[in-house]
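Trainee: just the structure for this:
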Amino acid sequence: MRTPTAEPSTLPHAAPADSVRAATEALIAGPVAVDPRECIEQLAALERLKSAISATQARVTHELDQHRRARAEARRLLEPTRRRPNPDAGLGKEIGLARRESPHDGRRKLNPARALLRDLPETLAALERGDLNERRAEIIAGETADLSPGQRRAVDAAISDKLDGLGDSDLRDVVRREVLRRDEDGWNARHEKARAGRRVTGRILGDGMGRLTADLPASDLSVIMTSLSDAAEQARARGDERSRGQLVTDTPVGRLSGLRGDAPLPTAVKLVVSAETLLGDGNEPGYLQGAGYVPASVAGTLAAAGAQHASSTIQRLFAMPRTGALIAAESASSFFRSALADLIVVRDRRCRSPYCNAPDPPSRPRALPGPGRGHLPRQRPGAVRGLQLRQGVAGLAPRARGRPTRRHRDPGDHTDRTHPPLASAGHPDRSQ
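Mentor: All right, here's what the predicted structure looks like:
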């Protein structure tokens, strides 16, 4: 006798969590690559899988959020006079427990999930494809948190083709630039509010050490760090045996405490600004070395202030209005090589290896192979040496990749392309 079977529509379906557990078990039981090339490919595939999982977690979090909000609204309608706690607090605790994190971290995951599902479709799609990881998606959500939904979607669309090869710091720069283009007034209002909270605090660390922390405007930070870096390099040049970090620390102690007669040194601040912004006809954000992007109005004010200081200077580097490519710099030195090297630092800002955030070089660079800065091989005598041949690569990159150029090839015959410098990439040209 034939046993009757259930119709397909009545067959029990596995719960979503059971499907995930089965997929996890299959992944763990799967083979591990042994060939170096296959190892790299498996690592890359697993990283993309992690990103896809993060995107799915965002969708699940948003679904749970919708359910909890609907339940809270229904209870409010039934008992309109009863005071109820913020539903996000309980939801954050649920999310944190499910992800084995604290309630605070659970709430931190809630807002990015809302942003991804409501206002950042391109970022969500990139996360699902594995082009972004969860941390960088959270950076985009955080940097656009103060925008309106329409502005947020505009920024999301504008950066969608610029994500490849960006590290965390470069990604922040790209997003902030787009935010400033659309909401300069909002940035200024937030800056004034934050500036009102500037302060200096101290904390005892132990072993006779302490930590001094100053919350201050980014433009002031840029000037201070440049001045301290210059003082440290000059002391090293005079034969001071202290490390650069020790000198950068000891210099403000001497200046502030009066225990030593160290006077502030003349400071040179580098500012990337378009001609339109300088003339007051454009709204393109400027880039202040050491501080990041600033609104066009702030960039114009800083550029004008450079002529009012006799000892300290602001070097203005001019950029093409549409592409942002650096095309000229005011010369503040009789040595062209040094001026060219400084221009490369401002242009590249960080190591040009994909996803690297290392400064290039840190404030005042060490001697690097080849002429000027960057890790390009030495050119043959008589070869043209200019800005197009220079690129900034961090100190570890050449040791990791042997002989880096714009293409990086590892022993497994994988090729990565370095991204063009963000300072000269309003619309990056990936073909270079």
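Trainee: for Ala214, give its distance to Leu256.
Mentor: Noted for Ala214: a distance of 11 Å to Leu256, by Cβ to Cβ, to the nearest Å. Heads up, the C-betas are built off the backbone N, CA and C, glycines and all.
Trainee: ok, Arg21 next?
Mentor: Separation of Arg21 from Leu256 (Cβ to Cβ): 59 Å.
Trainee: also Thr61?
Mentor: Counting by Cβ to Cβ - Thr61 and Leu256 are separated by 47 Å.
Trainee: pick out whichever of the two has more residues nearby.
Mentor: Thr61 (24 against 10; other Cβ atoms under 10 Å).
Trainee: tell me the confidence at that one?
Mentor: Per-residue confidence (pLDDT) for Thr61: 94.
Trainee: residue numbering should commence at 29 henceforth.
Mentor: With the count now opening at 29, the last piece we talked about shows up as Thr89.
Trainee: residues in contact with it?
Mentor: Taking Cβ atoms under 8 Å, 6 or more residues apart in numbering, we find Thr89 in contact with 123, 137-138, 141.
Trainee: among those residues, which two are most distant?
Mentor: Ile123 and Ala141 (8.6 Å; Cβ to Cβ).
Trainee: the closest residue to Leu240 other than its chain neighbours: what secondary structure?
Mentor: Once flanking residues are discounted, Leu240 sits nearest to Gly230: 5.4 Å by Cβ to Cβ, 6 or more residues apart in numbering. Classification of Gly230 using DSSP: H, G, I helix; E, B strand; the rest coil returns strand.
Trainee: quick one: residues contacting Arg181.
Mentor: Contacts of Arg181 were listed using Cβ under 8 Å, 6+ apart, and they are 147-149.
Trainee: try Arg104
Mentor: Under the criterion of Cβ under 8 Å, 6+ apart, the neighbours of Arg104 are Arg112.
Trainee: please, which helix or strand holds it?
Mentor: helix 64-106 (DSSP states H and E).
Trainee: next helix or strand past that helix?
Mentor: As assigned by DSSP H and E, the chain's next helix or strand after helix 64-106 is helix 115-126.
Trainee: any idea of the mean pLDDT in that next one?
Mentor: Helix 115-126 shows a mean pLDDT of 86.
Trainee: from the contact counts, what lies against that helix?
Mentor: helix 64-106, helix 131-146 (3 or more Cβ pairs under 8 Å, 6 or more residues apart in numbering; DSSP states H and E).
Trainee: pick the most deeply packed of the ones you listed.
Mentor: Of all those, helix 131-146 has the most neighbours on average by mean count of other Cβ atoms under 10 Å, namely a mean of 19.
Trainee: and Ala153, how far from Ala242?
Mentor: 40 Å.
Trainee: neighbours of the residue nearest to Leu240, how many?
Mentor: Neighbours of Gly230 (other Cβ under 10 Å): 8.
Trainee: is it true that it touches Met237?
Mentor: No - at 11.3 Å, Gly230 does not count as touching Met237 under the criterion of Cβ atoms under 8 Å.
Trainee: all strands for the stretch 229-378 of the chain, in order.
Mentor: Using DSSP state E, counting those that start in this stretch, the strands found in the stretch 229-378 of the chain span residues 237-243, 296-302, 314-316, 320-322, 341-347, 354-357.
Trainee: mind listing the strands the first one pairs with, and their directions?
Mentor: What it means is strand 237-243. strand 227-234 (antiparallel) (DSSP bridges).
Trainee: and for the strand it pairs with, what's in contact with it?
Mentor: 238-243.
Trainee: still on that earlier bit, which of the contacts of Thr89 sits closest to Asn161?
Mentor: Of all the contacts of Thr89, Lys137 has the smallest distance to Asn161: 14.0 Å, by Cβ to Cβ.
Trainee: distance check, that closest one against Ile56.
Mentor: 25 Å.
Trainee: okay, buried residues for stretch 189-206 please.
Mentor: Buried residues in stretch 189-206, defined by neighbour count with 16 or more other Cβ atoms under 10 Å: 190-191, 193-195, 197-206.
Trainee: restricted to helices, list those residues.
Mentor: Cross-referencing the buried residues of stretch 189-206 against helices under DSSP state H gives 197-206.
Trainee: how about these, which pair is most distant?
Mentor: Farthest pair in these, by Cβ to Cβ: Ser197 and Glu206, 15.6 Å.
Trainee: just the residues contacting the helix or strand containing Ala222, thanks.
Mentor: Per DSSP H and E: Ala222 is located in helix 212-223. With contact meaning Cβ under 8 Å, 6+ apart, helix 212-223 is reached by 174-175, 207-208, 245, 311, 313, 323-325.
Trainee: what's the average pLDDT for it?
Mentor: In this model, helix 212-223 has an average pLDDT of 87.
Trainee: now do it against strand 237-243, angle only.
Mentor: 140 degrees (axes from the mean of the first three to the mean of the last three Cα atoms, to 10 degrees).
Trainee: export helix 212-223 to PDB, keeping only CA atoms.
Mentor: The C-alpha coordinates for helix 212-223 follow below in PDB (Å, rounded to 0.1, in the frame of the first residue of the first chain):
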ATOM      1  CA  GLU A 212      27.600  73.000   4.900                       C
ATOM      2  CA  ASP A 213      25.200  74.900   7.100                       C
ATOM      3  CA  GLY A 214      24.500  71.800   9.200                       C
ATOM      4  CA  TRP A 215      28.200  71.100   9.500                       C
ATOM      5  CA  ASN A 216      28.800  74.600  10.700                       C
ATOM      6  CA  ALA A 217      26.000  74.400  13.300                       C
ATOM      7  CA  ARG A 218      27.300  71.000  14.600                       C
ATOM      8  CA  HIS A 219      30.900  72.400  14.600                       C
ATOM      9  CA  GLU A 220      29.900  75.400  16.700                       C
ATOM     10  CA  LYS A 221      28.000  73.200  19.100                       C
ATOM     11  CA  ALA A 222      31.000  70.800  19.400                       C
ATOM     12  CA  ARG A 223      33.400  73.700  19.700                       C
END
